[in-house]
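Trainee: here is a sequence with its predicted model. Questions after.
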Number of protein chains: 2
Amino acid sequence: MTKLDDVLSNIDANLDAALERLFAILRIKSISTDPAYKAECMANAEWHVADLKGIGFDAAVRPTPGHPMVVAHDRSVSGPSALFYGHYDVQPVDPLALWDRDPFDPSIQTMPDGAKIITGRGAADDKGQLMSFIEACRAWKAVSGKLPIPISILLEGEEESGGANLPGFLDAHAAELRADIGLICDTNMWDPETPAIQTMLRGLCGEEVIVHAADRDLHSGFYGSAAANPNRILARILSDLHDESGRVTLRGFYDGVPELPKTLREQWDSLNFSARSFLGAIGLSVPAGEKGRDALEMVWSRPTCEINGMGGGYQGAGFKTVIPATASAKVSFRLVFDQDPHAIRKAFREHVHARVPADCRVEFLEHGAGQAIRFPIEAPAFGKARDALTAEWGKPAVFIGGGGSIPVTHQLKQSLGMDVVLAGFGLEDDRIHSPNEKYNLKSFHKGIRSWARILEALSR
Amino acid sequence: MTKLDDVLSNIDANLDAALERLFAILRIKSISTDPAYKAECMANAEWHVADLKGIGFDAAVRPTPGHPMVVAHDRSVSGPSALFYGHYDVQPVDPLALWDRDPFDPSIQTMPDGAKIITGRGAADDKGQLMSFIEACRAWKAVSGKLPIPISILLEGEEESGGANLPGFLDAHAAELRADIGLICDTNMWDPETPAIQTMLRGLCGEEVIVHAADRDLHSGFYGSAAANPNRILARILSDLHDESGRVTLRGFYDGVPELPKTLREQWDSLNFSARSFLGAIGLSVPAGEKGRDALEMVWSRPTCEINGMGGGYQGAGFKTVIPATASAKVSFRLVFDQDPHAIRKAFREHVHARVPADCRVEFLEHGAGQAIRFPIEAPAFGKARDALTAEWGKPAVFIGGGGSIPVTHQLKQSLGMDVVLAGFGLEDDRIHSPNEKYNLKSFHKGIRSWARILEALSR
């Protein structure tokens, strides 16, 4: 039996203990976007430090102006080094009423098809995924007393709330954190049987806009039509973001957005992606984006603009004939290829200003900016990781694009000059950011085994 | 000294006791639109019954499928009869943080200019106004042992929440409630020195629209652009309600909307209405309605469309990259002349359906419908009421239009064949429906005296 086989057996034998550890952090309400959960974020960071010290890492909570980072090192072996990144913070849980059970009371449930799932906020995004890596490290240390390669771990607490402090932290600690390759576990499989490495990621530009009109709420019968209504102004701003063909109207929005290279286009076509089943799974059927583009292109390689939240005036039960003093919206842009998030923020603000009457004013809040990214799939680490995944899952791993933004990947490249292997075991139906988030037990178990294999492969 | 003089002296001498009674009902949280306040609405109705019985009225709480009515009669004298209508329910108080003090803890405050005001939700709309009528009745009974004319009183508990049960109640009790003239105290003075009788009222059509897209909240990174976003659909629906010139785009919306008759136009021009000071008082300067119309026309004689509330997705602190499953808006139309609220509701729904993609669905909730109304200012009751107001305030009372809708006036006309004298003592800065609602002490005091005079005038 090879040492890897021993490690895999150790993982199988200790799965219950690994689950107990995961449940412990799933119970921590580390919602980073809401200041009310500041202490829970700190508690989550401290949990990881204690856990990583227990495995033999030199670990510490590292303060930032926001929620802290966790940094841990175990470089006691030689060989190519890796920096693993994960995030311990989670999304808010509203609307709470739509959860089948308390989002912070994790459980194992059995689905009608017999599959077991881990339920709770953060089960997939990212607590379950990041623990799959840490459990692989634990198993290697338990079996062989050491890791296959030198490893550093960086856990962020603000990934779900803009990650404002990450770039500064990476810059300030570049020498400490730099490694030969980055590893991140925050992405999905291609399908429940097919492992995947994501090599293209869209960037993000998040904006909040607040329109201010009268200096108080008004009675719409007395002031209606004569007084500016911020709801109406905002509706126009938001409606005008797209034209009839579904294209975003901001000036210069498509600068730096080429058509897909032919080779990638062909590889994606071979995936036999079904828009019907992709949308059917969420109760929809008509791709809503740019006319003439297929749905896979829409979510992997085309830039988008989404209104993530909007509100103004009376939203309670019944009716209130009010003209509110303010209305606001949160808008995000997913960026591809060479789109510049700062240029797009500027174009958005110009778009807004052009639609705000002279006697009203507008306020903006910045919510993150990250450029899109592509990794060189011909580099050795990518091939090794793909082969390790293929060995674990018994099906060839694929290089894919992806819709979500993981700004850290861009920052690792820019600040530390590192490429990143994005291997994750999430599934499309994990409901991350939604009520009833879950992570398949199989994803967790085989995810740990996958990382054990990848670490071994990278050491060769 | 005439009997009227005695009555006016009695009112002056008993103002403090009248204020104590008003404060007692201002402390009752009779928010009709929110089911949580059902018991408080009932308590408010019961308070009025006890109070009216104390004056000698035959009074009772009268159940409806919603909040109850209060009906009271004192027809022990002969002469032309009157039905007074008021409403004991109030608007919600959110946003609570913008109130300078508890909205249900009324107080007397002195303004920098020395004017005394009564503070609290309902101070003006309509508790202070309706009590000005009841206190006038009380004074007449105290001084002369009887009312000048036969009086019935009807107090509604659902005026601020659609008034769904009023038409049925009026129809069912038409014989009991019918009188020679209707009296309502729920309107404003022309300015703090000039009393007014409102003889034109806009109608109202209220609609709530809920757009449903995916069967759950989605991550905008994974589904953005491919999946329909109800916020985007709703923004388009709302934005398209007005064209570039500020006109409402619904099919047939301006049917039955003539230009203003020349005589009324001239009378209104003589009021020297200042859009600058009207809008300046609320921090605005640019009339936002139809291009080519002046602001007085916008709020008195032109139909309008306002978005009173809208919301969808994440509206909390920070950011959440979500595509919500639903988004909704509350929209109201103020109607003039012969516009048909039902035709406009239909046109609105067509407008919405035309903008909802095939894989999404839409839901509507009806929130009231009332046609616009004009009263014959040449009828004797209007002249008598105008003269009584002129005598009290020392300045000629004016016949005016008005922006708010008081659906009951239309229903009194339609169900009971009655004209209504709308004489009220509210002021533009009363902040009704807004935080820090108030009613001037002078409005309350001289309002009581005004009603005492009007009742006497109507008896002649």
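Mentor: The structure has been received and is ready for your questions.

Trainee: not counting its neighbours along the chain, what's nearest A:Leu234?
Mentor: Excluding its sequence neighbours, the residue lying closest to A:Leu234 (Cβ to Cβ, 6 or more residues apart in numbering or on different chains) is A:Ala327, at 4.4 Å. C-beta: built from backbone N, CA, C; applies to glycine.

Trainee: which SS class is the one you found?
Mentor: strand (DSSP: H, G, I helix; E, B strand; the rest coil).

Trainee: just checking, it touches A:Asn231?
Mentor: Yes: counting by Cβ atoms under 8 Å, A:Ala327 touches A:Asn231, with 4.8 Å between them.

Trainee: next, show the common contact partners of these two.
Mentor: A:Gly312, A:Gly313, B:Met310 (Cβ atoms under 8 Å, 6 or more residues apart in numbering or on different chains).

Trainee: between those, which sits nearest A:Asn436?
Mentor: Proximity of these to A:Asn436 (Cβ to Cβ) peaks at B:Met310, which lies at 26.7 Å.

Trainee: quick one: which helix or strand includes the closest one?
Mentor: Secondary structure assigned from DSSP states H and E places B:Met310 in strand B:304-313.

Trainee: packing partners of that strand?
Mentor: For strand B:304-313, the elements it packs on are helix A:220-223, helix A:230-239, strand A:304-313, strand A:322-323, helix B:230-239, strand B:326-335, judged by 3 or more Cβ pairs under 8 Å, 6 or more residues apart in numbering or on different chains; DSSP states H and E.

Trainee: swap in 7 Å and give it another go.
Mentor: Applying 3 or more Cβ pairs under 7 Å, 6 or more residues apart in numbering or on different chains; DSSP states H and E, one finds that strand B:304-313 makes contact with helix A:230-239, strand A:304-313, helix B:230-239, strand B:326-335.

Trainee: could I get the CA-only coordinates of the last one as CSV?
Mentor: Once non-C-alpha atoms are left out, strand B:326-335 reads as follows in CSV (Å, rounded to 0.1, in the frame of the first residue of the first chain):
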residue,chain,number,x,y,z
THR,B,326,-39.9,38.0,-6.6
ALA,B,327,-40.1,41.7,-6.7
SER,B,328,-43.2,43.9,-6.0
ALA,B,329,-44.5,47.4,-6.2
LYS,B,330,-47.5,49.5,-5.0
VAL,B,331,-48.7,51.9,-7.6
SER,B,332,-51.5,54.5,-7.2
PHE,B,333,-53.3,56.5,-9.8
ARG,B,334,-55.0,59.8,-8.9
LEU,B,335,-58.0,60.3,-11.2
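
Trainee: give the buried residues for that strand.
Mentor: Buried residues in strand B:326-335, counted by 16 or more other Cβ atoms under 10 Å in any protein chain shown: B:Thr326, B:Ala327, B:Ser328, B:Ala329, B:Lys330, B:Val331, B:Ser332, B:Phe333, B:Arg334, B:Leu335.

Trainee: equivalent analysis for the second one, please.
Mentor: In terms of neighbour count (16+ other Cβ under 10 Å), strand A:304-313 has its buried residues at A:Thr304, A:Cys305, A:Glu306, A:Ile307, A:Asn308, A:Gly309, A:Met310, A:Gly311, A:Gly312, A:Gly313.

Trainee: out of those residues, which one has the weakest pLDDT?
Mentor: Ranked by pLDDT, these bottom out at A:Thr304 (94).

Trainee: so that residue sits against A:Arg334, correct?
Mentor: Yes: applying Cβ atoms under 7 Å, one finds A:Thr304 in contact with A:Arg334, separated by 4.5 Å.

Trainee: in the stretch 1-150 of chain A, what residue is nearest chain B?
Mentor: Scanning the stretch 1-150 of chain A for the residue nearest chain B gives A:Thr33, at 3.0 Å (criterion: Cβ to the nearest Cβ).

Trainee: residues touching that residue, list them.
Mentor: With contact taken as Cβ atoms under 7 Å, 6 or more residues apart in numbering or on different chains, A:Thr33 is in contact with A:Pro92, A:Glu160, A:Ser161, B:Ala317, B:Gly318, B:Phe319, B:Lys320.

Trainee: got a PyMOL select line for the buried ones in the residues you listed?
Mentor: Of the contacts of A:Thr33, the buried ones go into a single PyMOL selection, burial set by 16+ other Cβ under 10 Å:
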select buried, (chain A and resi 92+160+161) or (chain B and resi 318+319+320)
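
Trainee: between the contacts of A:Thr33, which is nearest B:Trp451?
Mentor: Among these, B:Ala317 lies closest to B:Trp451 (Cβ to Cβ), at 49.5 Å.

Trainee: give me the nearest residue to the closest one, chain neighbours excluded.
Mentor: Nearest to B:Ala317 is A:Asp34, by Cβ to Cβ, 6+ apart, at 5.8 Å.

Trainee: do A:Asp58 as well
Mentor: Spatially, and ignoring its direct neighbours in sequence, A:Asp58 is nearest to A:His73 (4.9 Å; Cβ to Cβ, 6+ apart).

Trainee: what helix or strand is that neighbour on?
Mentor: Here A:His73 is assigned to strand A:69-74, by DSSP H and E.

Trainee: can you list the strands that that strand pairs with?
Mentor: Sheet pairing of strand A:69-74 (DSSP bridges) gives strand A:58-62 (antiparallel), strand A:151-156 (antiparallel).

Trainee: could I get the CA-only coordinates of the last one as CSV?
Mentor: As requested, C-alpha coordinates have been extracted for strand A:151-156 and formatted as CSV (Å, rounded to 0.1, in the frame of the first residue of the first chain):
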residue,chain,number,x,y,z
ILE,A,151,1.6,24.7,2.8
SER,A,152,0.3,28.1,3.9
ILE,A,153,-3.4,28.7,4.6
LEU,A,154,-5.2,32.1,4.3
LEU,A,155,-8.8,32.3,5.5
GLU,A,156,-10.7,35.5,4.8
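
Trainee: please enumerate residues in contact with that strand?
Mentor: Counting contacts by Cβ under 7 Å, 6+ apart, the residues touching strand A:151-156 from outside are A:48, A:52, A:57, A:69-74, A:82-88, A:130, A:137, A:163, A:166, A:177, A:179, A:408.

Trainee: any regions of the stretch 51-200 of chain A where pLDDT drops low?
Mentor: Along the stretch 51-200 of chain A, segments meeting pLDDT under 70 are nowhere present.

Trainee: chain B contacts on that one?
Mentor: For the stretch 51-200 of chain A, the residues found near chain B under the criterion Cβ under 7 Å from any Cβ of the partner chain are A:Gln91, A:Pro92, A:Ser161, A:Gly162.

Trainee: hmm, 10 Å instead?
Mentor: Proximity of the stretch 51-200 of chain A to chain B (Cβ under 10 Å from any Cβ of the partner chain) is limited to residues A:Gln91, A:Pro92, A:Asp94, A:Pro95, A:Leu98, A:Asp125, A:Glu158, A:Glu160, A:Ser161, A:Gly162, A:Asn188.

Trainee: JSON lines for those residues, including distance to A:Leu284?
Mentor: Listed next are those as JSON lines, based on distance: Cβ to Cβ, whole Å:
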{"residue": "A:Gln91", "distance to A:Leu284": "22"}
{"residue": "A:Pro92", "distance to A:Leu284": "24"}
{"residue": "A:Asp94", "distance to A:Leu284": "22"}
{"residue": "A:Pro95", "distance to A:Leu284": "20"}
{"residue": "A:Leu98", "distance to A:Leu284": "18"}
{"residue": "A:Asp125", "distance to A:Leu284": "22"}
{"residue": "A:Glu158", "distance to A:Leu284": "32"}
{"residue": "A:Glu160", "distance to A:Leu284": "25"}
{"residue": "A:Ser161", "distance to A:Leu284": "28"}
{"residue": "A:Gly162", "distance to A:Leu284": "29"}
{"residue": "A:Asn188", "distance to A:Leu284": "19"}
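
Trainee: filter these to the buried ones?
Mentor: Among those, the ones that count as buried by 16+ other Cβ under 10 Å are A:Gln91, A:Pro92, A:Asp94, A:Asp125, A:Glu158, A:Glu160, A:Ser161, A:Gly162, A:Asn188.

Trainee: understood, closing this out.
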